[in-house]
Every structure is written in structure tokens, then in C-alpha cells.
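Chemist: what follows is a predicted structure for the sequence shown.
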Amino acid sequence: GQSLEQPSEVTAVEGAIVQINCTYQTSGFYGLSWYQQHDGGAPTFLSYNALDGLEETGRFSSFLSRSDSYGYLLLQELQMKDSASYFCAVRPTDFNKFYFGSGTKLNVKP
Amino acid sequence: EAQVTQNPRYLITVTGKKLTVTCSQNMNHEYMSWYRQDPGLGLRQIYYSMNVEVTDKGDVPEGYKVSRKEKRNFPLILESPSPNQTSLYFCASSLKRRPQETQYFGPGTRLLVL
């Protein structure tokens, strides 16, 4: 089966930088996606890495290393509104299913 | 406005009473999917559909049915709900062409089965 591991919770202060890691065990996949979910809300798409390397979208960046079976989401200049849960996700090449990690709850403190 | 809608948003029912949760999208997406979200388990895919009349099982399909008679609609059916199906359910849609990775989620349906 597919497995994506994330830390369950991360705490950081406003203005800081935080990295949320995602390690995975899957034979092959198209790319690594990241979603944000605020309490009581729906997941919303943040970022996607089809290739190894860094993708930057404003304050958010995402990184993928297929050789290390590892990716991360980097959030810079943290704001209180970034307090949410963050999920990594993959779609294996031999399926049309999606697999999500269990999510990382980010707490941003003043 | 491009969106995925789900109804109802909240539902309390009793064991064995058939129910349907509707899902509709207005983005002309081919791919639609249902997920359940439980604490500590993230999002788990129940069923997905690549296009009209094409559906397939996700990781946790037991106790659920779906249909895709129209491109915009993808209802989730619980024929005989049980308490272990108490959960938060999300419908999602995306384009079929690769990378079909950007999924748009509905607002969620919170289901309690007594």
C-alpha cells in the first residue's frame, strides 16, 4: 500500500519560517501535492511538485526529492492565519486513486 | 463562481436508514471523488469517477455506493449506515488531464450515525 508520513503537530511564532516534512513509501507517482485545511473548512490546494526541486508560490514553497522519498512545505513570514492543518498527497502511476498523509497541524503563536 | 457543492452539510441519522449525500460541480471536471476524514487518519478516498458511467473503488469503499449519470453530479449513497460511518465527508473534483492533481473540495458533510 501507499504510506505518507507527516509530523502530527508543529508550533512556530509569527514571522518565523517553518518546514513541514512528508516522507512517503510508494513505488511511483506523478507528483506531490500539498493542501491546507483550516478548522471547520475544506482542504484547498496549495502547491504541486511534478519534478524534483523547489516550487515557489509567494510565501509558500514546496520541495520534492524522489531519490530520498521526501518532500516538504516551507512557509515563510508566518502569519496567524497560517494556523491550519497541512496535508501532502500523491497519486500513484498505476492507480487513479489519491493518497493523503495524516496531516500536520500548524499552530502559529504571536 | 466555480465551486463544488454538497448537501446536506450536517446529517444525523440512525443505523440502517438509507441516505444519500449529493455532490455537484460546475467546472466541467471529469474526475470526481469522495473522501472521508477521521481524526488522525487524514483523508481517505472512498470512491472516484474518471468520467460519466465510470466509477472505481478507493481505499475504503465498504458500505458505500456511488453513481455518475451526469458529469456534474456524483452522489454518495449509504444503503445501510452504521455508527462506524460517522465521519466528515468531502466531495472533490478535478480535470482529468495530467497533472490532475489540483482537486477542488466541497464544504464537507458532517454525518452522525446513531
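Modeler: Structure received. Numbering: from 1, shown residues only, chains lettered A, B, ... in the order given.

Chemist: quick one: contacts for residue B:90?
Modeler: Residue B:90 makes contacts with A:42, A:43, B:6, B:34, B:35, B:36, B:37, B:43, B:105, B:106, B:108, B:109, as judged by C-beta atoms under 8 Å, 6 or more residues apart in numbering or on different chains. C-beta here means a position set from N, CA and C on the backbone, and glycine is covered the same way.

Chemist: quick one: low-confidence ranges for the chain?
Modeler: Picking chain A for this. When residues are selected by pLDDT under 70, those of chain A lie in A:1.

Chemist: wait, I meant chain B there
Modeler: When the per-residue scores of chain B are filtered using pLDDT under 70, the ranges that remain are B:96-100.

Chemist: in it, which residue is most central in space?
Modeler: Taking C-alpha atoms, centre = their mean as the criterion, residue B:34 is the residue nearest the geometric centre of chain B, at 2.7 Å.

Chemist: let me see the contact set for it.
Modeler: B:23, B:45-48, B:58, B:64, B:66, B:74, B:76, B:89-92.

Chemist: pull out the buried residues from those residues.
Modeler: Judged by neighbour count, with 16 or more other C-beta atoms under 10 Å in any protein chain shown as the criterion, the buried members of the contacts of residue B:34 are B:23, B:45-48, B:58, B:64, B:66, B:74, B:76, B:89-92.

Chemist: let's have the contacts of residue B:90 in JSON lines, adding distance to residue A:2 and secondary structure.
Modeler: Supplementary listing: the contacts of residue B:90 in JSON lines, determined by distance: C-beta to C-beta, whole Å; DSSP: H, G, I helix; E, B strand; the rest coil:
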{"residue": "A:42", "distance to residue A:2": "22", "secondary structure": "coil"}
{"residue": "A:43", "distance to residue A:2": "18", "secondary structure": "coil"}
{"residue": "B:6", "distance to residue A:2": "26", "secondary structure": "strand"}
{"residue": "B:34", "distance to residue A:2": "18", "secondary structure": "strand"}
{"residue": "B:35", "distance to residue A:2": "15", "secondary structure": "strand"}
{"residue": "B:36", "distance to residue A:2": "17", "secondary structure": "strand"}
{"residue": "B:37", "distance to residue A:2": "17", "secondary structure": "strand"}
{"residue": "B:43", "distance to residue A:2": "13", "secondary structure": "strand"}
{"residue": "B:105", "distance to residue A:2": "20", "secondary structure": "strand"}
{"residue": "B:106", "distance to residue A:2": "24", "secondary structure": "coil"}
{"residue": "B:108", "distance to residue A:2": "23", "secondary structure": "coil"}
{"residue": "B:109", "distance to residue A:2": "25", "secondary structure": "strand"}
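
Chemist: closest to residue A:83 among the residues you listed?
Modeler: The shortest separation between residue A:83 and any of these is 15.2 Å, and it belongs to residue A:43 (by C-beta to C-beta).

Chemist: for that closest one, the count of nearby residues, please.
Modeler: Other residues lying near residue A:43 total 28 when counted by other C-beta atoms under 10 Å in any protein chain shown.

Chemist: gap between the nearest residue to it once chain neighbours are set aside and residue B:65?
Modeler: By the measure of C-beta to C-beta, 6 or more residues apart in numbering or on different chains, the closest residue to residue A:43 outside its immediate chain neighbours is residue A:35, 4.1 Å from it. Plainly put, residue A:35 is 26 Å away from residue B:65 if you go by C-beta to C-beta, to the nearest Å.
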